[in-house]
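In: Here is my input, please return the structure:
(chains A and B)
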Amino acid sequence: MFDEQALGQIYDAYFERLYRYAYRFVGDVDSAQDIAAETLRRLLEALRDGRAPNHLGAWLYRVAYNLAMDQHRQRPAGGIVSLEPDLDQADEADTEADSEQRLAQEKVRQALERLTPEQQNVVVLKFMEGYSNAEVGALMNKPEGAIKSLQHRALAALKRALTGLLL
Amino acid sequence: MVNLVDALDDVLARVATGESLEGCLARYPNLAVELTELVGARDRLSALAPAPAVPADTLAARRRQFLTTARTTKRQAVSVYPFQRFMAWVWPVQRTGRPAFVPAALVARVAIAFVLVLSIVGGTVAAAQSSLPGSPLYRIKLAVEDARLNLTSDPAQQATLAMTFASERTHEMERLAIAHRPIGSHVSLRLQNQLDAALSAAARAPEPEMLHLLDQVRSMAQTQELALSQAHVNAPREPSTQEALRQAEQAIAQAQQQAESGLTDPDAFRKRYRHQQGAPMQPTPEATATPQPPAPTVFAQPTAMLEATVTPQPSHTPEVSVTPQRIQAGTGQPPTSAPGPQATGTPQQTGPGPQPTAGQAGPGPQATDTPEGYPGGKPGSGSGSGGNGGGTRRP
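Out: Numbering: from 1, shown residues only, chains lettered A, B, ... in the order given. Below is the predicted model:
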């Protein structure tokens, strides 16, 4: 029924991207992998039902984003979580510099949590995944101008959050 | 002048291609401070390590699982039978076990149940609207009418609704007559109640509206009179049916006369109905046990009206008293302790309409109960067969 070779190519092209993307939001390897797998499974259902997406990448990221937000809503608080391994798992041999770096990472993580979901999405896609404005616009179903504005608001909010956390 | 949004985007793009930040900022000296802070915030993101790489074996296992799922994912056949198609849609929702979907499944179940209940209730109520007296759904029809009247607080709307329901009673009698089915007196009594409710509500409406409503009552009564005369021709000849039709004609004639008198003298009309301020009329037998102020006609209260209209009188008895009053429920007697006006033993001719005549009952049977279809029981056998067959008559 499906062209397995084509599906294999889609899997190879997107699974890890979706995993990295979801990881930014859920902060857990297994959950991020599950979200990536569930996203691709939903693609199969969409193809089966004749709802093939026009823009595959945008469709996949949107589904993954919604799944990640579902998990986010089920958590007591916070959005982007645990982007780093737990601090208490730090190796005893870590140097003082490593500890400072981990502390800085934790503060950035907390600052990111204060952004709106859309701002988080732009930050992840643009500055972590390296997509262009046009690509982010396609993935978020927004015009490029809106992405520029969102990018500005996201960085301004991040700056304020980091300032507040570091004071 | 370049705004901060565009300047930031330009600087970020140039830095990404390897251009120095200082060189980029030199292009926007007025925005340099803000741009430096924003680019600095972006740079802080590099402190975050990327997601751990997925082990190759995990990647391969998940790939196999994906392709296996693709092989087993087939287009589902759709049943030609609506119920099976419906269940095929509902069942996957119900059996989804993932916690994230439980709220959706619950919502779906509740929504489906709600729609089914609404459909059943709505269908029953809709079916009841065309029912006739004697049908099991007829009580639902009457209950819906009562509910609609009770839920309406605007006198004009109450009057309009009551007129609509009164017209429906006439229509029912027409249909029963055409079908050669008997017509019960409870239909004509309800017609009387609804005509009176219309007049009573009209009396509570502001002056211009009241006159308009009274005009409508008059027109409606004229139309109903014609319809009933036709029903009289078609109806079975049984005395009870003929009596019910006579009662209906009488009620319509009285309503027409009341409406005309209200159009002539609105103040007097209002005074006559002043004591009926409040909710639309409902059959309330308890109310008849309490002495009431003088009522203009038998329209005062349903039970009083019932008592009066089904009490036959000899044809030679002069009708009416000057001050009609209610009869105590269950006794057929006026409340003797009432401070208000009493029925006299020497009635005077004051106008049309049945009057409380318990103190001067003729040879016919006495009606002391409420009619079928109303709380409190059913009418006695006072069809008038022993008297003149109708007691009071319109002029």
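
In: packing partners for the helix or strand of chain A with the lowest mean pLDDT?
Out: Taking mean pLDDT, DSSP states H and E as the measure, helix A:96-113 is the helix or strand of chain A with the lowest mean score, a mean of 77. Judged by 3 or more C-beta pairs under 8 Å, 6 or more residues apart in numbering or on different chains; DSSP states H and E, the packing partners of helix A:96-113 are helix A:144-166, helix B:32-44. To be clear about C-beta, it is placed using only N, CA and C from the backbone, and glycine gets the same treatment.

In: Could you tell me which residues within the last one count as buried?
Out: The one in question is helix B:32-44. Neighbour counts over helix B:32-44 (16 or more other C-beta atoms under 10 Å in any protein chain shown) mark B:32, B:34-35, B:37-39, B:41-42, B:44 as buried.

In: now stretch B:251-267
Out: B:251-263, B:266.

In: just stretch B:167-181 next, same as before
Out: So for stretch B:167-181, counting by 16+ other C-beta under 10 Å, buried means B:167-170, B:172-177.

In: Same question for stretch A:13-28.
Out: So stretch A:13-28, judged by 16+ other C-beta under 10 Å, has buried residues A:14-27.

In: Okay, A:Gly8 and A:Asn54: tell me how far apart.
Out: To A:Asn54, A:Gly8 is 22 Å away according to C-beta to C-beta, to the nearest Å.

In: Mind checking which of these two has more residues around it?
Out: A:Gly8 (14 against 6; other C-beta atoms under 10 Å in any protein chain shown).

In: Make sure the more buried one is actually in contact with B:Ala60.
Out: No - counting by C-beta atoms under 8 Å, A:Gly8 sits too far from B:Ala60 to count as a contact (11.3 Å).

In: which non-adjacent residue is nearest residue 14?
Out: Reading this off chain A. A:Leu60 (5.6 Å; C-beta to C-beta, 6 or more residues apart in numbering or on different chains).

In: let's do chain B instead
Out: B:Cys24 (4.6 Å).

In: Then the one you found would be within a strand, right?
Out: No - checked against DSSP: H, G, I helix; E, B strand; the rest coil, B:Cys24 lies outside a strand; its state is helix.

In: Near it, how many residues? Count them for me, please.
Out: So B:Cys24, with other C-beta under 10 Å, has 19 neighbours.

In: Equivalent analysis for B:Tyr28, please.
Out: There are 17 residues near B:Tyr28, going by other C-beta under 10 Å.

In: who's in contact with it?
Out: B:2, B:7, B:11, B:35 (C-beta atoms under 8 Å, 6 or more residues apart in numbering or on different chains).

In: a markdown table please, covering the residues you listed and showing secondary structure, distance to chain A and pLDDT.
Out: Formatted as a markdown table, the contacts of B:Tyr28 follow (DSSP: H, G, I helix; E, B strand; the rest coil; distance: C-beta to the nearest C-beta, whole Å; pLDDT from 0 to 100):
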| residue | secondary structure | distance to chain A | pLDDT |
| --- | --- | --- | --- |
| B:Val2 | coil | 12 | 75 |
| B:Ala7 | helix | 9 | 92 |
| B:Val11 | helix | 11 | 92 |
| B:Leu35 | helix | 10 | 93 |
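
In: Show me which of those are buried.
Out: For the contacts of B:Tyr28, buried by 16+ other C-beta under 10 Å: B:7, B:11, B:35.

In: ok, now how distant is the first one from B:Met220?
Out: It refers to B:Ala7. 78 Å.

In: so how far is stretch A:112-128 off the chain centroid?
Out: 8 Å (C-alpha atoms, centre = their mean, to the nearest Å).

In: Just say helix, strand or coil for B:Ser153.
Out: Assignment for B:Ser153 (three-state DSSP): coil.

In: count of neighbours near it?
Out: Residues near B:Ser153, counting by other C-beta under 10 Å: 9.

In: Verify the stated contact: B:Ala7 with B:Leu35.
Out: Yes - here B:Ala7 lies in contact with B:Leu35, judged by C-beta under 8 Å, at a distance of 6.1 Å.

In: Please verify my assumption that B:Ala201 contacts B:Ala162.
Out: Yes - assessed by C-beta under 8 Å, B:Ala201 is found in contact with B:Ala162 at 6.2 Å.
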